[in-house]
Each structure stands twice: as C-alpha cells, then as structure tokens.
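Student: Sequence and predicted structure are below.
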Number of protein chains: 2
Amino acid sequence: MGARLGDAGGPARPPVSDEAIGRDELALATRNHGLPLEALRYDLTPPGLHYVLTHYDIPYVPDTSSWQLTLNGRVRRPLRLDLTDLRAFPQVTTRVTLECAGNGRALLSPRPVSQPWLVEAVGTAEWTGVPLRLLLERAGVAGDAAEVVFTGADHGVERGVEQDYRRALPLDVALGDEPDVLVVHAMNGAPLAPQHGRPLRLVVPGWYGMAQVKWLREITVVDEPFTGFQQTVAYRLRQQPEEAGEPVTRILPRALLVPPGFPDFMSRTRVVAPGPLTLEGRAWSGHAPVTRVEVSADDGRTWRQAELAPDGGHPWAWRRWRSPWTATPGEHVLSARATDAEGHTQPLAARWNRGGFANNQVQRVRVVCPDPADNG
Amino acid sequence: MGARLGDAGGPARPPVSDEAIGRDELALATRNHGLPLEALRYDLTPPGLHYVLTHYDIPYVPDTSSWQLTLNGRVRRPLRLDLTDLRAFPQVTTRVTLECAGNGRALLSPRPVSQPWLVEAVGTAEWTGVPLRLLLERAGVAGDAAEVVFTGADHGVERGVEQDYRRALPLDVALGDEPDVLVVHAMNGAPLAPQHGRPLRLVVPGWYGMAQVKWLREITVVDEPFTGFQQTVAYRLRQQPEEAGEPVTRILPRALLVPPGFPDFMSRTRVVAPGPLTLEGRAWSGHAPVTRVEVSADDGRTWRQAELAPDGGHPWAWRRWRSPWTATPGEHVLSARATDAEGHTQPLAARWNRGGFANNQVQRVRVVCPDPADNG
C-alpha cells in the first residue's frame, strides 16, 4: 500500500483531560501568536502584536499586481477585479476588534486538541476596503441566491480533507450595511501584511475570526446552504461528535485586564506594590454594544462596576474600561466581566464544547503583593 | 507571614522528560512567537513575522521624544542623549539575522522548562542606528574599562530576582567595527515596533538574542566582569546546576528548509505530489560565513551538497540555498545542515544543556507523498 493523503494528519484527536500540551499543539502555538496582554493599552494594536491564526501556510504573494478576485455563481454579470479595479469603488474604513473562535480553548477541561489559546487571541485595527454589497450589486445577485461563499488562496489538509480555506455567509449578512462587510486591502492605513491576508481579505465586523477569509480570491453566490469542511465539520458547537451542532457566528462578550505591575518571567504572575492603583482593560462583544464591565479582586466572589469609556464612534471595536483598586499584601486573583446590550455576559466556569469554541469564561489574573515588612 | 516576591514564581523548574508542555510554557508560547517557516522565502522578514521573545512586559512608550539614553560609568564625559542627538551621529544600516539562544529548546530531552521553541526563533531585518564605538569614543572610555553593561526598560522577576533586563559585552566587542555594534532606532526603514525595542535597542551582529538589549536606556562602562542575573545565572551552558558554565555568545550555524508542498493543519506534516521539485531555505552562522549546506531526504543517512547563493554583501544575514529533489510516493524526512568557515556545523543529535541553549541540531521535516494510484 502506498502513502495516502490521510497519512499527513488523520482524524481529530479526542479532547485530553490533563493540562499537558502536546508537541502538535506547541507547533501551532509557536507559529501563531496572541496579543501580549500589555498591548491592550493601545486603541489600535501595533503591527505584529495583533493575534494571528493561519490554518495552512501564509501564501507567498511577492507581486500583487496580478492578483484577481472573481465574483461568480448565481449572479447576472460575473466580475473579475484586480486591486486597481477595487480601489475605484467607494472605500470605507472601519475600526474592528477581531477574535479567534478558539480563544479560551486551552482553558477547557478536557482540552480540545487544536491551536491552544488561553485568552489572548484578539486585536483591533482599522480596515479599509470596498463594501461587499457594492460588489454584489454590481454583479447582480440572482433571485434564488441563499449564501455567499468566500475562497482563500491558503491550501492544506485537515482531518484527511484537502481543501482551500472556504467559508460562507448568509446573503443578508453579506448584503448588510450595518455594518458593511468589507473586502479589505489595507490595515491601519498600510497594505495588508502577508499574515493578515495580503493582498485581499474579508472583514465581517462582529464575527469570530473563521469568517474573516484571508488571501481572498473568489466570491461565489450559491442557491443552497454551503456544506464545506470549515462550515459543517469545523466551527460547530457540539457536545458529541455525531451532532450537527450549532454554527459558530458572532463574538461573545469578553473583558480583559491590562496586567498590572510587572511579571514573573516563567509563571506570568503579576507583582504589585501595596497601595492604590487603577485597573484598566478592554471589553467587546460582536452581538451588541458592551453596556457594563464589572471587576473582581477576590476571584469572582464580589464585583464592582467599572467606568466604561464611550465607544468614540467605533461600535465594532473594543471599549476601554477602568476601575480603582487598592492592593494589600497577599495574593489576589483579578477578573473582569463584560455584559452587552442584548444581555450576553461571561460565565465564571467555561461552557464546554468539543471544538473548544467561543469560551468566554472570565479571565483570572494572579497577583502577588509582597509585604514591605517582609524582606524575604 | 506575608506574601513575598518569590511567591510570584520561584526557582527554575527542573527539566522534564516527557513531551508534554506545561501551562506556564504555553503562556510563553502564545505571547512570544516564531517565524512561520514559509516566511523563510523572504530576504527580509516582513513586519510581524520576525521572531519575538520578551522576558517581561513590552514597555509602553507612547511618546518617544522624552526618551533618554545615558552613557556613564568608567568614562571621562558621561553622555545623556535623546533620539535627536543620536540621529546627529553617523548612521549605519546592517542586515542581520537574529536568533534566540533558546531556539531548539523544546526538542531537547529532558526538556528544559522555559520558552519552548522548536526551530523557528529567527528573523532577518535591516537595522539602522549609530555605531556604539562612536558613542563610546565621544564619552571617552577610561583605561581600566573591562566591559560595557546595557540596561533595558523592561522590568520583572526571574527565579525570585527582581531586575531590569541587563546584559554586558566585552570591551573589544563593544568597540569593534567588523561588525559595528549598533544602537538602533529603525528596523527595515521604519521606527522600531514596540516588541522590537521602541524606541532604542542594541544590535550585536552574530550574537544570540540575549545580547540584543531592547528598550535601551543606559550604557555603563565597568572595570570588572558584570555578574548580573542574565549574565551569570541565565544564558550559561551547564550540565549541572552548580557549575559556573560557559557563557552563551555567538550563533551556531543552522540551516532551515522552506517547508515544501502544503501542510496538514494539526501535525504540520507536509504533503507533496510525486515528481521533481526544488528544495530551498536559508542558512546562517554568527561565527563565520556559511560555506556549505547539505540536504538529506532520508532522515540524515545520505547527504548531497546544496547550491549556496552569494551573501550579496550581507555577511551577517542568512544566505539562500537550493537543492533539487524528486519526490516519490511514500514518507520522507527532509533535513538541511550548514557548516561555516571555522568548521562549526550542526549535529544530528542535540547537545544537551540545562538551560536549553544553542541547540542547533538539524531540522527534520516530515513529508508525505501520496501515491497517485491510491485514491484512499
């Protein structure tokens, strides 16, 4: 018997119940990366600090002048557009917080085996591009259209299935203008970096990262629900492998702290001096505006409401919050909890699912406040 | 008893002998990140793909106009320089490959517990700044000077020791001009990103990353060997904890492959079609120019010499290499091995040390070539 494609990987590993991370998970963690939490201080995440998750390799596109985006399927006038064509459409810039659907996965027990995020798979940028609805209007969507499928240039194998990365949106989301879904060519005013989709990507404000198709090369309007791997096998909320599961869609609320004081290198435990300080951080939700952030300094037993900054005209981006705290000698666990206008909030304990998606349990930040009287 | 500083972390964990990665190592792996290996295609690593390792937090420097660099100690004229002062000195730009001293650590068995790099802690950039020797000449180094100590603004605890990050160089290295050690303010023509040392850092061509002090705020000439934590406790090659150990200094040779074909998401195993292809990659050494790269397609049993590109006038940067290979159905392990002009080369098996430093064992890339006759 010869080698088979499935020999490259194989089926998903079942969740594992100890804390130890495998070599395969480590290989993903060293190439993908989260936001170092101290970078929550920035309104816009500086280049290189925004989280990155790529399923396969980052496509190599040294020359973007020949890149073409095709819009086809159930449309009256198929389009073939290069970057110059796209820049001739009206341009929109939107500040958007993106978060990986797998953020929080490595905190689950048993732990689903995939990219092992703790809480840091997030970032905020200003994305510039063409509203997707304008491209769809130009092409003329057929009356029987149901969904819009987006194909990236990234190619690989997952559980034995060779594929281009491909995801779909419902037609009403794709055509929506509150917010516009964008076909993006610039991030924070600069052409997209390779790892963020150079030269073109989708940005769907409010949705988890799996919808934000990078290296976008084809948009296909279809008349029935898309059943591709990333839509019906991956990115489903399941308790049992045989369930169809609910699709992962919009970002659940989350608040994170800028870690106070300074860290221990290995444990990342924080050290603060006794006395008053201001705790601060960011909070976001993809369902509705964040309306409340609460802070706890006793591992979630008691909470006090934080001061929430206005959204500054950026309803799809994280909001800053702050709350005073007086550190006393001893050990403390700090947490923050966001609630949005639709009443979604964060649980103290994780809601488990097999894929490890959408775990927005509250963050726990361990803080040591040394006693000044103790010189040990 | 009150809380103590040491409660934040504690002593180094002993090396562990299974493959499982701990939660603390994972927290480091999600915030630091390596070069995705497909990015070895670029001569200059694009922003955000260069490896990053920070011991503590990335300092927050929203306004660089008030940043001051002090040069003091055993000098006749202490200096205090802002960024404008530094730009008035002659400027040098050098292309340099940087690599973390801990690269390869997670391949060791038993595994030293720290940032768990596999092979990807590397990147190449063009760094612009002032030759350190010009600053030292301006200050006037005293006759009894022995070393030069560099202090960063990054602050934390490591094995119970609270510290600013601090490292020293021997005086002859600091004053050298082949190559110049640089006090750098720009990377690839742009101001330094926060994670690369904004606004000032040291670049010491040929040395591992621990010497490349970021967020540089003080340079101190001293008349005896520096005994700080990062010089005499960390970054030593030891077999036993009580040894003084040899210091970690210059980068040992390493060659890496651009992984051919496409990956399996979880295992990162590569899939290639049968037939001829060109293997390619990069090779570098901090001791002397790389003079030979060999490639193996049978897990290190046989080797053939690769074609090595000229250094293009960049002796401190990686060099491109290529080698033809014909993939045949089955499983293969690809490797590359670099040798430099001083005869340093790469071992097939790791040379173990307690800190997990300088492990330049040859990379192993697992490749599956499916049999076209097998539709499984």
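Tutor: Received the coordinates, thanks.
Student: now the strands for the stretch 51-200 of chain A?
Tutor: Along the stretch 51-200 of chain A, the stretches classed as strands by DSSP state E, counting those that start in this stretch are A:69-73, A:79-81, A:92-99, A:122-131, A:147-158, A:161-170, A:182-187, A:190-191.
Student: In CSV: those, plus mean neighbour count.
Tutor: C-betas here are computed from N, CA, C, even on glycine. Formatted as CSV, the strands of the stretch 51-200 of chain A follow (neighbours: other Cβ atoms under 10 Å in any protein chain shown):
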stretch, mean neighbour count
strand A:69-73, 18
strand A:79-81, 16
strand A:92-99, 22
strand A:122-131, 23
strand A:147-158, 23
strand A:161-170, 19
strand A:182-187, 23
strand A:190-191, 12
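Student: right, and these - which one's nearest chain B?
Tutor: Closest to chain B of the strands of the stretch 51-200 of chain A, according to Cβ to the nearest Cβ: strand A:147-158, at 4.4 Å.
Student: would you list the strands of the stretch 51-200 of chain A in TSV and tack on mean pLDDT and distance to chain B?
Tutor: Output for these, formatted as TSV (pLDDT from 0 to 100; distance: least, Cβ to the nearest Cβ, whole Å):
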stretch	mean pLDDT	distance to chain B
strand A:69-73	98	21
strand A:79-81	98	25
strand A:92-99	98	14
strand A:122-131	98	11
strand A:147-158	97	4
strand A:161-170	97	8
strand A:182-187	98	10
strand A:190-191	96	9
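Student: Flag the shaky bits of chain A, pLDDT-wise.
Tutor: Applying pLDDT under 70 to chain A flags residues A:1, A:10-13, A:17-19, A:375-376.
Student: How is it divided into domains?
Tutor: Chain A is divided into the following domains under automatic domain parsing: A:5-247, A:254-369.
Student: Out of those domains, which gets nearest to B:Asp264?
Tutor: Evaluated over these, closeness to B:Asp264 peaks at domain A:5-247, with 3.4 Å, by Cβ to Cβ.
Student: Quick one: end-to-end distance for the closest one.
Tutor: Taking Cα to Cα, to the nearest Å, domain A:5-247 runs 27 Å from one end to the other.
Student: where's A:His361, which helix or strand?
Tutor: One correction, residue A:361 is Gln, not His. Assignment of secondary structure by DSSP states H and E places A:Gln361 within no helix or strand.
Student: How many neighbouring residues does it have?
Tutor: Residues near A:Gln361, counting by other Cβ atoms under 10 Å in any protein chain shown, number 18.
Student: wait, isn't it in contact with A:Asn103?
Tutor: No. A:Gln361 is beyond contact range of A:Asn103, at 10.5 Å (criterion: Cβ atoms under 8 Å).
Student: Tell me what A:Val52 is bridged to.
Tutor: A:Val52 forms beta bridges with A:His33, as assigned by DSSP bridges.
Student: and A:Leu334, what does it touch?
Tutor: Neighbouring residues of A:Leu334 by Cβ atoms under 8 Å, 6 or more residues apart in numbering or on different chains: A:Leu257, A:Pro260, A:Leu279, A:Val295, A:Ser296, A:Ala297, A:Trp325, A:Arg364, A:Val365, A:Val367.
Student: Checking it next. Helix, strand or coil?
Tutor: Counting by DSSP: H, G, I helix; E, B strand; the rest coil, the backbone at A:Leu334 sits in strand.
Student: Now it. Nearest residue, chain neighbours left out?
Tutor: Computed as Cβ to Cβ, 6 or more residues apart in numbering or on different chains, the closest residue to A:Leu334 that is not its neighbour in sequence is A:Val365, at 4.3 Å.
Student: ok, now A:Gly140?
Tutor: Closest to A:Gly140 by Cβ to Cβ, 6+ apart is A:Arg76, at 3.5 Å.
Student: count of residues packed around that neighbour?
Tutor: For A:Arg76, the neighbour count with other Cβ under 10 Å is 8.
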